[in-house]
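A.B. asks: Everything below, folded, please.
(4 chains)
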There are 2 protein chains.
Amino acid sequence: MRKGEHTRTLILNEAVALASQVGLEGLSIGSLAGRLAMSKSGLFAHFGSKEDLQVRTLRRAQELFLEQVVSPALKEAQGLPRLRTLFSNWLAWLESNDDLPGGCLMLAASVEYDDRPGAVRDLLVAGQRELRGAIAKAIRLAIDEGHLEPRTDPWQLTFELFGIVLAAHHDLRLLGDARALERAGDALERLIDAHRAVAGN
Amino acid sequence: MRKGEHTRTLILNEAVALASQVGLEGLSIGSLAGRLAMSKSGLFAHFGSKEDLQVRTLRRAQELFLEQVVSPALKEAQGLPRLRTLFSNWLAWLESNDDLPGGCLMLAASVEYDDRPGAVRDLLVAGQRELRGAIAKAIRLAIDEGHLEPRTDPWQLTFELFGIVLAAHHDLRLLGDARALERAGDALERLIDAHRAVAGN
DNA sequence: GCGTAACACGAACGTTCGTACTAATGTGCG
DNA sequence: CGCACATTAGTACGAACGTTCGTGTTACGC
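C.D. replies: Numbering: from 1, shown residues only, chains lettered A, B, ... in the order given. All right, here's what the predicted structure looks like:
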């Protein structure tokens, strides 16, 4: 009973790493089993289907993102400190190759499944909506704290901040440009600054 | 001699459309042949290998992008008019589902191949470098024309503008958010405005 | 209009894919 | 220790993959 869940977690961690490189569709049960030195059928028994494996893998990645990016930011004080921590954690997440040697799995899967209806896509959309909501909420709190201008549109600013993260991910992964993080940091800071309240922090 | 090239063009156009939905890796010779009502082997004869098909498909997409986005912009006057046209064409390209029912193939392939060395990745990187250079050059010209502040960093601004396009593509495709283009337009305008020279256009 | 080269086809190859069954392990409780 | 069950391995399947080959069938230059 307990052994099973343990190995399943082991499988999912490896699945996250592998899928970040070859994509959720390219993630094959055979190659995953090979990496873990176990049989294909033995691994498959933990999941009812490939789609189930894909969904669980994606959920594991979302968990990791929550643990490493969102939750630590929520421990910071409301307003700009929290907002800044959120995005600096996010940039660190893009760079960290511990769990995701192939880049952010959610971003990769978003492109891969934007045209493929199904459970994976639904999960991606739900996760994205949740994240966007969290960012917008953090912005709203920063407005309430008097850090950002009251006329700031939280959803628009969320959109633009997200774009900077996407650009950083792209340049980091495809172009291997180490300056991408620096550029992203500058861009974030300037964008926030443009919405700063006059007497703000 | 001529017949062959004609059908090959037909194949590549269909390949671009299909690959935009399922990715360059998901693009299978069998399904592509099925769409064109021709045999798998007959289609394969036009390309020495699958990688060759992938490379040619990507090149065709790059051609289309040049024709529909970059070239028309180069006909505009140097400076902000050209820069604005470039990005408004780009946003229209993201939206247009004529040739690319599954979104921009280059953006999809960038995520798919950011970890896969080979001819496809090399072509992607080269195309991206070329595009970035063209944008940075357009920005430099806008500075020379006195439209943008001289202290503007062309590469940094290129990075940030590109991020807005990425965010638009993401929201448009994954979330199906129709407001994405509007948001992107606002963001682009405000970003350009922030770098506008005091006596600028 | 004929001959030849270019083109398309169908069949088959070896592999790998996801999945289904069955048999042999291994684990943990009484 | 031994029983019951959860967990792994083994094997087999049909389908799809990229690729090769041999053979018809068109199109085009002379």
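
A.B. asks: A:Arg116: which element?
C.D. replies: Using DSSP states H and E, A:Arg116 falls within no helix or strand.

A.B. asks: And for the one 5 residues further on?
C.D. replies: Under the criterion of DSSP H and E, A:Arg121 resides in helix A:119-144.

A.B. asks: CA atoms only for the following helix or strand past that helix - export them in PDB, please.
C.D. replies: Downstream of helix A:119-144, the next assigned helix or strand under DSSP H and E is helix A:154-173. Taking C-alpha atoms only, helix A:154-173 is exported to PDB below (Å, rounded to 0.1, in the frame of the first residue of the first chain):
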ATOM      1  CA  PRO A 154      -4.800  44.400 -12.700                       C
ATOM      2  CA  TRP A 155      -5.600  42.100 -15.600                       C
ATOM      3  CA  GLN A 156      -3.700  44.200 -18.100                       C
ATOM      4  CA  LEU A 157      -0.700  44.400 -15.800                       C
ATOM      5  CA  THR A 158      -0.900  40.700 -15.300                       C
ATOM      6  CA  PHE A 159      -0.900  40.200 -19.000                       C
ATOM      7  CA  GLU A 160       2.200  42.300 -19.500                       C
ATOM      8  CA  LEU A 161       4.100  40.800 -16.600                       C
ATOM      9  CA  PHE A 162       3.400  37.400 -17.900                       C
ATOM     10  CA  GLY A 163       4.700  38.400 -21.300                       C
ATOM     11  CA  ILE A 164       8.000  39.300 -19.800                       C
ATOM     12  CA  VAL A 165       8.300  35.800 -18.200                       C
ATOM     13  CA  LEU A 166       7.400  34.200 -21.500                       C
ATOM     14  CA  ALA A 167      10.100  36.200 -23.300                       C
ATOM     15  CA  ALA A 168      12.700  35.200 -20.600                       C
ATOM     16  CA  HIS A 169      11.700  31.600 -21.000                       C
ATOM     17  CA  HIS A 170      12.000  31.700 -24.700                       C
ATOM     18  CA  ASP A 171      15.400  33.400 -24.800                       C
ATOM     19  CA  LEU A 172      16.800  31.300 -22.100                       C
ATOM     20  CA  ARG A 173      15.700  28.000 -23.700                       C
END
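
A.B. asks: Could you tell me which residues within the helix or strand just after helix A:154-173 count as buried?
C.D. replies: Downstream of helix A:154-173, the first helix or strand assigned by DSSP H and E is helix A:179-194. Judged by neighbour count using 16 or more other C-beta atoms under 10 Å in any protein chain shown, the buried positions of helix A:179-194 are A:180-181, A:183-188, A:191-192. Every C-beta, even on glycine, is put in place using the N, C-alpha and C of the backbone.

A.B. asks: Any regions of chain A where pLDDT drops low?
C.D. replies: Judged against pLDDT under 70, the low-scoring parts of chain A cover residues A:1, A:199-201.

A.B. asks: if you set the cut-off to 90 instead, what comes out?
C.D. replies: A:1-5, A:97-99, A:198-201 (pLDDT under 90).

A.B. asks: Run through the residues of it sitting next to DNA strand C.
C.D. replies: Contact residues (C-beta under 7 Å from any atom of the strand) of chain A with DNA strand C: A:1-3, A:27-31, A:40-41, A:44-45, A:48-51.

A.B. asks: Can you get me a residue count around A:Arg173?
C.D. replies: Neighbourhood size, A:Arg173 [other C-beta atoms under 10 Å in any protein chain shown]: 21.

A.B. asks: which SS state does the closest residue to it other than its chain neighbours fall under?
C.D. replies: Leaving aside its chain neighbours, A:Arg173 sits nearest to B:Asp114 (3.9 Å; criterion: C-beta to C-beta, 6 or more residues apart in numbering or on different chains). Assigned by DSSP: H, G, I helix; E, B strand; the rest coil, the conformation of B:Asp114 is coil.

A.B. asks: and stretch A:24-35, how far out from the chain's middle?
C.D. replies: For stretch A:24-35, the separation from the chain centroid amounts to 21 Å (computed by C-alpha atoms, centre = their mean, to the nearest Å).

A.B. asks: Extract the C-alpha trace of it and format it as PDB.
C.D. replies: C-alpha atoms of stretch A:24-35 as PDB (Å, rounded to 0.1, in the frame of the first residue of the first chain):
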ATOM      1  CA  LEU A  24       3.900  15.400 -22.500                       C
ATOM      2  CA  GLU A  25       3.000  13.800 -25.800                       C
ATOM      3  CA  GLY A  26       6.600  12.700 -26.500                       C
ATOM      4  CA  LEU A  27       6.700  11.200 -23.000                       C
ATOM      5  CA  SER A  28       6.600   7.500 -23.700                       C
ATOM      6  CA  ILE A  29       6.000   4.700 -21.100                       C
ATOM      7  CA  GLY A  30       8.800   2.600 -22.500                       C
ATOM      8  CA  SER A  31      11.500   5.300 -22.200                       C
ATOM      9  CA  LEU A  32      10.200   6.400 -18.800                       C
ATOM     10  CA  ALA A  33      10.400   2.800 -17.600                       C
ATOM     11  CA  GLY A  34      13.900   2.500 -19.000                       C
ATOM     12  CA  ARG A  35      15.100   5.600 -17.100                       C
END
